[in-house]
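**Q** fold the following.
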Amino acid sequence: MHVEELKERLRQETRIRVRKVAGELFSRRAAERAQGHFLREFPPMRGMRVALYFAVRGEVSTEKIRCEYLASGVHLYYPRVAKGGTLAFYPHRVGDVWETGPYGIPEPPCPPGARPRRDGFDVVVVPGIAFDRKGRRLGHGYGYYDRFLGELPESVLRVGLAYAHQVVPEVPVDAWDVPLHALVTEDGLIRVASEDAP
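**A** Numbers count the residues shown, from 1 in each chain. Have a look, this model is predicted:
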């Protein structure tokens, strides 16, 4: 079976599992725990630059991370969908009003003359539909994050945030898929196993 067919099958299977498992109360509690683990593993430090996402469609909320990072002087950036199918990250500050993007996803404001940040991040927090323990990630199929991650230097920490039931034995990959360095769920940190590990 072609990789894209395998990916689409996994997307459908994971979405069905999420609908069965993730009631509103469970999702809220699990998201709180996942964010708590994230903040313990990657504590805020004044001046650090972090790319975050606005959770939609069953993704783990990042609201607790957002609030604690902003209160600690972390520079936060959120994506806007740019021309050419890429993500452009713009700063998010206390009091900013979200704008609605082309997929109905809230985006940070883009004042006239503002230039996006495409590199220089310390941490990039990545959403997804399914993940495995080797850092492979399955997105929604648009390729935005893969194109963005592929342009980052290896030194930028790439961290997935997910529910434990989104972790699967294996995610099919294409040559352009970029693995994560770590994954955090409500059960804690998953350190990514190297492809070369026995």
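**Q** the helices in the chain, which residues?
**A** Under the criterion DSSP state H, the chain carries helices at the ranges 3-21, 24-41, 63-71, 144-150.
**Q** residue 188: which of those is closest?
**A** Smallest distance to residue 188 across the helices of the chain (C-beta to C-beta): 5.1 Å, for helix 24-41. (C-beta placed from N, C-alpha, C; glycine too.)
**Q** now do the buried residues in the closest one.
**A** Across helix 24-41, burial judged by 16 or more other C-beta atoms under 10 Å covers 27, 30-31, 33-39.
**Q** repeat for stretch 155-175
**A** For stretch 155-175, by 16+ other C-beta under 10 Å, it's 156-163, 165-168, 171-173.
**Q** enumerate every residue touching the residue nearest to residue 88 when sequence neighbours are not counted.
**A** Nearest non-adjacent residue to residue 88, counting by C-beta to C-beta, 6 or more residues apart in numbering: residue 116, 3.5 Å away. By C-beta atoms under 8 Å, 6 or more residues apart in numbering, the residues touching residue 116 are 80, 82, 88-90, 110.
**Q** if we can go back for a sec, mean pLDDT for the helices of the chain: which is lowest?
**A** Ranked by mean pLDDT, the helices of the chain end with helix 3-21 in last place, scoring a mean of 67.
**Q** which single one of the buried residues of stretch 155-175 is nearest to residue 132?
**A** Of those, the one sitting nearest to residue 132 (C-beta to C-beta) turns out to be residue 171, at 4.7 Å.
**Q** contacts only, for the residue nearest to that closest one when sequence neighbours are not counted.
**A** Once flanking residues are discounted, residue 171 sits nearest to residue 136: 3.9 Å by C-beta to C-beta, 6+ apart. By C-beta under 8 Å, 6+ apart, residue 136 lies in contact with 170-171, 173, 177, 179-180.
**Q** where's residue 33 relative to residue 158, distance?
**A** To residue 158, residue 33 is 21 Å away according to C-beta to C-beta, to the nearest Å.
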